[in-house]
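K.L.:
Starting from these lines, generate the structure:
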Amino acid sequence: MTATLTHKGGCHCGAVRFEADAPPDAVVQACNCSICAMTGFVHLIVPASRFRLLSGSDSLTTYQFNTGTAKHFFCRVCGIKSFYVPRSNPDGFSVNVRCLEPDTISGLRVEHFDGQNWEANAAGLRHLSDDQS
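P.N.:
Here you go, the predicted model:
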């Protein structure tokens, strides 16, 4: 297992706050699907056991589309989606690395993910919510 530390983050207005345990030099995914491209979301996928919502559950609203598997959580106040439950990893969370406080990030390796052809590529992300990764 790769060494992890606790990254803190949240939405723009601060109503939603969370923590995610991940390496300080994480591998993240930049997806070209319609929702990620429009919102600028850069994925840091972690197992559910490594994600903690600290505050703001009452400030969240959920958006689901297509299969309804993914649960996109947005702050009702500022509109930012700082994390969600991804369709590729419904047993984990995808944190928007852009919503993390930068002091715990020593480096990021960005992998490009072809979300426009999701069905053909999603299996390549499956391991990211495994507690052993």
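K.L.:
So which bits of stretch 98-108 are buried?
P.N.:
99-100, 105 (16 or more other CB atoms under 10 Å). C-beta here means a position set from N, CA and C on the backbone, and glycine is covered the same way.
K.L.:
For Asp25, state which of the residues you listed is nearest.
P.N.:
Nearest to Asp25 among the buried residues of stretch 98-108: Ile105, at 7.8 Å, using CB to CB.
K.L.:
Hmm, that closest one is touching Leu5, no?
P.N.:
No. Counting by CB atoms under 8 Å, Ile105 does not reach Leu5; the two are 9.7 Å apart.
K.L.:
what is in contact with those two at once?
P.N.:
By CB atoms under 8 Å, 6 or more residues apart in numbering, Ile105 and Leu5 have these common neighbours: Pro24.
K.L.:
Among the buried residues of stretch 98-108, which are located in strands?
P.N.:
In this view, the buried residues of stretch 98-108 have no member that belongs to strands under DSSP state E.
K.L.:
Mind naming the longest helix for the protein?
P.N.:
Assignment by DSSP state H gives helix 34-39 as the longest helix of the chain.
K.L.:
Report the mean confidence score over that helix.
P.N.:
The pLDDT scores in helix 34-39 average 91.
K.L.:
State the next helix or strand along the chain beyond it.
P.N.:
Later in the chain than helix 34-39, the nearest helix or strand by DSSP states H and E is strand 42-47.
K.L.:
Listing partners with orientation, what would you give for that following strand?
P.N.:
strand 27-31 (antiparallel), strand 92-96 (antiparallel) (DSSP bridges).
K.L.:
Tell me which of the ones you listed approaches Lys81 most closely.
P.N.:
Closest among these, using CB to CB: strand 92-96, at 6.6 Å.
K.L.:
re earlier: with pLDDT and distance to Asn32 as new columns, can the buried residues of stretch 98-108 be given to me in CSV?
P.N.:
Formatted as CSV, the buried residues of stretch 98-108 follow (pLDDT from 0 to 100; distance: CB to CB, whole Å):
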residue, pLDDT, distance to Asn32
Cys99, 97, 20
Leu100, 97, 21
Ile105, 92, 23
